[in-house]
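> coords please:
(chains A and B)
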Amino acid sequence: MKPLLALMVAVAVTAAVGSEVWSGRDVSVPGGDAPTEVVAAGIAAASVADRPGAFDTPPQDQPPYDGRVTFVRIEFSGGGGGRGFRGFGQGPPWSHDWPRADRNFSSILGELTSIDTDAQNHIVLRMDDPEVFKYPLIYAVEVGYWNPSRAEIDALSAYLQKGGFLIVDDFQGQQIYQLQAILAEALPGAVIDEVPDDHAIFDSFYFIEDPHSLIPPYGGSRPLYLGVFEDNDPSKRLMAIFNYNNDIAEYWEYSDRGFYPVDLSNEAYQFGVNYLMYALTR
Amino acid sequence: MERLFEALFKFRPLLFAEGDLTFTSPWPMALLVLGAAAVAAAAVATYGTAGGRTSAGDRTVLATLRLAALGVLTFCLLQPTLVLSSTVAQRNFVGILVDDSRSMTLPGEDGQPRSAFATEVFGAESELVEALSERFALRYFRFAGDAGRIPGPEALAHDGTRTDLASALDRAREELSSVPLSGLVVLSDGADNAGRPLAEALVPLQAASVPVYTVGLGAEALDPDLQVGPVELPRTVLQGSALVVDVLVSHRGFEGRRVPVLVEDGVRLLVQDTVTLAGPDEPAIARVRFTLDEVGPRRIRVRVPAQDGEAVAQNNARDISVEVRENTRKILYFEGEPRWDVKFLKRAVEDDPNLQVVLLQRTADNKFYRRDIDGPEELVDGFPDTREELFAYEGLILGSVEASFFTSDQLSMIADFVSQRGGGLLTLGGRNALAEGGYGGTAVEEALPVVLEQSAAEPRRAYTEVKVTPTPAGRSHPAAQLRTDQETPDSLWEALPVLSTLNRIERVKPGATPLLVGDTGGDTDRIVLAHQRYGRGKSVTLAVQDLWIWQMHADVPLEDLSHETFVQQILRWLVEGVPERVELRAELDAVEPGEAVRIGATVLDSTYLEVNDASVLATITDPTGATESRLLDWSVETDGLYATELRPDQPGTWTVDVSAARGEEMLGAGVLHIAVGPSDVEFFDAGRRTAVLERLAESTGGRFYTPETVGSLPEDLQFTGAGVTVTEERDLWDMPFLFLTLLGLLGAEWTYRRLRGLV
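Below you'll find the model as predicted:
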């Protein structure tokens, strides 16, 4: 761990200790027929064919806004010039695991929860597109390559303060500095804090006893769940969560290919479902 | 006109109305008619056979005139007679009821106090009373808020704080029920402000055939004068609630004047507005809005400062009692699917200490998420399936959840939650809401304020964008506001982004009120927000699926609070006035020292059914802090109602704390505040209520008088037919009208002949 990050997390963890982060009035009812094994459904969802050449062209046939809960991935410039990043042959950084991960996750949501969605209900938007405000949850990856414009910063600032929720996934190492810089501009004074293991977001649908048990698909450093709390108060709303040193969408993308162990894919979906459920209620 | 009638027909119209017409000729009627017919036939024959210069037309005219004259003569020979029931002198009683309220101190049309007429004209030495006394035994009563016997009008003080005409009539009728009663005479301006329907007193009077003669005092309209109309405020409000009040200012003689309208809480000015007065028949309306922040019993005064030369200044201010509460109202929000409105609705009220929105959200089949519950057992089995559990909430929000989720009992229970428990139901739009949720034909549909149209087969295809605007009713309705400090300006509504709906709602039910409509760009607007009373409670439908767009949309500035305010306003209004298990009510919220006020406590059990076997203890605290406890008695006439009468003797705020128990079970408690002090109620609508007095007289067979016409009262009373009477016959054959008619007919015949050269 980089010394700076280590210091930051240490401070955050210290600040979180003893704080009232888990309201005694908030209870998730674990009973009933709640699904616990999600990959089986995920595999079924993946029967939808991939779109060939999807990374090379901006998405054209996205479903219009219709009031439903829609998974929105943020597209951004950067990462080797324009849309040209081709790391691992996967297209520009914003598009890692897209569209399969988004499709599989949306399908899982529709299958396992009461959310009105399906495999096609996912879109890609730029942060400075006003349409993004019609979707109070956004998902971004590889943010270390994101050099947002002023308009994107302003939009992100308003978006989060109005009640939008940001999930950042698939970033590691020094990318944290870029995320920190973005947030410093979008939410001046906001502190990136570690999200405690017993936070409501880990019990909003599935009870995730040990969030750290989900190892990153590509190994490496221990994953951390960081976030930004409203007014830097851990008892208040979590405005954004960052899967630092982790990539849950990688599991989503390949959940129908047997590429990763089923239980890990299961856990990755559980994180995604929990994040969304939390965002839908807080 | 009446004098002319009397000059022509000998008697006043009333005698003809009271009497019967008969003929008293000593000769047989048939003989007289036959004789008249023979004479008529002879006359016709004579005219018919006349020759000379007369034409057929002349003969017809002359014969008709002659026949008419013969007819009048025959009528006189029949000796028409008016048969009247005349009261027997000194055998009957008349009750004279004199208004003893403060409004009688106001000037009459002659500039003298209204009470002066009663003293002078109905005083012991007056001609009228002498005339009445010759024939009747007189009994005087005074009446104001109560009624009682007095020796005469000289004993009146005219300090009654209100007027209860119905009770006064009851009292006089009952007291004189054992004697022959020829009628009751009421001297009043007709201002009745006790709230008791006058019809209640009319029926027994009609049954007993007691006519009421009313004498209207004072002018019908005070001029110049200005009056603040009744102001309606909820009896209880939550602390910080924004209130909108329409203040109606009526006047005479101040056309075109701009006057201030002030709303005060004690010495604190809450808001001030101005209003321009139009014509005398066009009351001006000032719409004022203010927030009540101080907890406890508040006495809110709405007033317009007295204007120069006003006839009455006391009717320029209205005082209203409002109980500002800081307790938390609990609302259950049941959402059938995770969607964004849950988050934003909760966020909008999270800082409101008076609202606790308990969330029960179905996140998957048979899986629920609970939030802001009071304990681990609350809603542990999902949506309540007992009345006790559901009725513990004051409000219920139904989101996008299909009707088939509920059992039939639960659907009925939701309807009962509104109609019996008096809770507030808010139904939101969504793919599984309203018609699309299958609510047509269910008990819940009956409670809805909107008409459910045919449901869309695929709700998502019914997606329609709506541009929301307020209706005229919604413009001032507290549940449809985006601002708390002022009426929402049109520009604010116009600036809000469009919302969307999946539910085709185009009509409200009869009796429901649309507050917001949505322009779809097509021919028909959609109903966005509507409400109606349903039984004890209220039902509201907000038929959009994404109200949260007003918070998140890119065009809505970050600092804009329209969404938060709208949600808070609608939820606060939803649970405002929701009854508790012990509800206290006084028949008057303000009384004068010494005035009696009846207090009622409605006691309900946990299922909100009335309890008749409760032990209800009231602790009454006067302004000095002294307390008195008493048990309230079940009223017997009304289930669950326990009552007592209080007669506060000191000015200030009196507090009545009531607790109810059944055996060991505590049913609930309530508190009521009564403001005791001088009242100006008598000075409102203080013009003479001629219509009320006329109706009272006409419906009992009596007559309405003004001070100018009251001179005929003794004679009119003589022929009421009520009491001990004898039959009296009055000849009519010598009525000047008959003589003049006969003269006219003969004169007309002569004139006709002269004009035609037949003489």
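
> and the residue of the stretch 151-282 of chain A that's closest to chain B?
Closest contact between the stretch 151-282 of chain A and chain B, by Cβ to the nearest Cβ, is at A:Leu280 (4.4 Å). C-betas here are computed from N, CA, C, even on glycine.

> give me the number of residues near that residue?
26 (other Cβ atoms under 10 Å in any protein chain shown).

> how much space between it and A:Pro136?
8 Å (Cβ to Cβ, to the nearest Å).

> check contacts around residue 277.
Picking chain A for this. If you count contacts by Cβ atoms under 8 Å, 6 or more residues apart in numbering or on different chains, A:Met277 has them with A:Thr113, A:Ser204, A:Phe205, B:Pro338, B:Thr363, B:Tyr369.

> sorry, should have said chain B
B:Leu226, B:Val249, B:His251, B:Phe254, B:Glu255, B:Gly256, B:Arg257, B:Arg258, B:Val259, B:Ala284.

> from the residues you listed, pick the one nearest chain A.
When these are compared against chain A (criterion: Cβ to the nearest Cβ), the nearest one is B:Ala284, at 41.8 Å.

> show me the shaky parts of chain A.
Scanning chain A for pLDDT under 70 picks out the ranges A:1-59, A:79-90.

> which residue, other than its chain neighbours, is closest to the residue nearest to the spatial centre of it?
Centroid check for chain A by Cα atoms, centre = their mean gives A:Ile167 as the closest residue, at 3.0 Å. Nearest non-adjacent residue to A:Ile167, counting by Cβ to Cβ, 6 or more residues apart in numbering or on different chains: A:Tyr139, 4.7 Å away.

> thinking that neighbour is in contact with A:Val72, fair?
Yes. Between A:Tyr139 and A:Val72 there is a contact under Cβ atoms under 8 Å: 6.6 Å.

> okay, now B:Asp622: neighbour count?
Neighbours around B:Asp622, by other Cβ under 10 Å: 16.

> quick one: the helices in the stretch 551-700 of chain B?
Taking DSSP state H, counting those that start in this stretch as the test, the helices found in the stretch 551-700 of chain B are B:562-575, B:690-700.

> could you point out which element follows the last one?
Looking back up the chat, that one is helix B:690-700. strand B:704-705 (DSSP states H and E).

> name the nearest residue to the residue of the stretch 151-282 of chain A closest to chain B, sequence neighbours excluded.
Excluding the flanking residues, the one nearest A:Leu280 by Cβ to Cβ, 6+ apart is B:Pro338, at 4.4 Å.

> same question, B:Glu592
Per Cβ to Cβ, 6+ apart, closest to B:Glu592 is B:Thr161, 4.5 Å.

> same check on B:Arg387?
Once flanking residues are discounted, B:Arg387 sits nearest to B:Thr607: 4.4 Å by Cβ to Cβ, 6+ apart.

> run a quick neighbour tally on that neighbour.
There are 15 residues near B:Thr607, going by other Cβ under 10 Å.

> could you do B:Glu487 as well?
16.

> now do the SS call for it.
coil (DSSP: H, G, I helix; E, B strand; the rest coil).

> which residues sit in contact with A:Ala140?
A:Ala140 neighbours (Cβ under 8 Å, 6+ apart): A:Arg73, A:Ile74, A:Phe76, A:Trp94, A:Trp146, A:Leu166, A:Ile167, A:Val168, A:Asp169.
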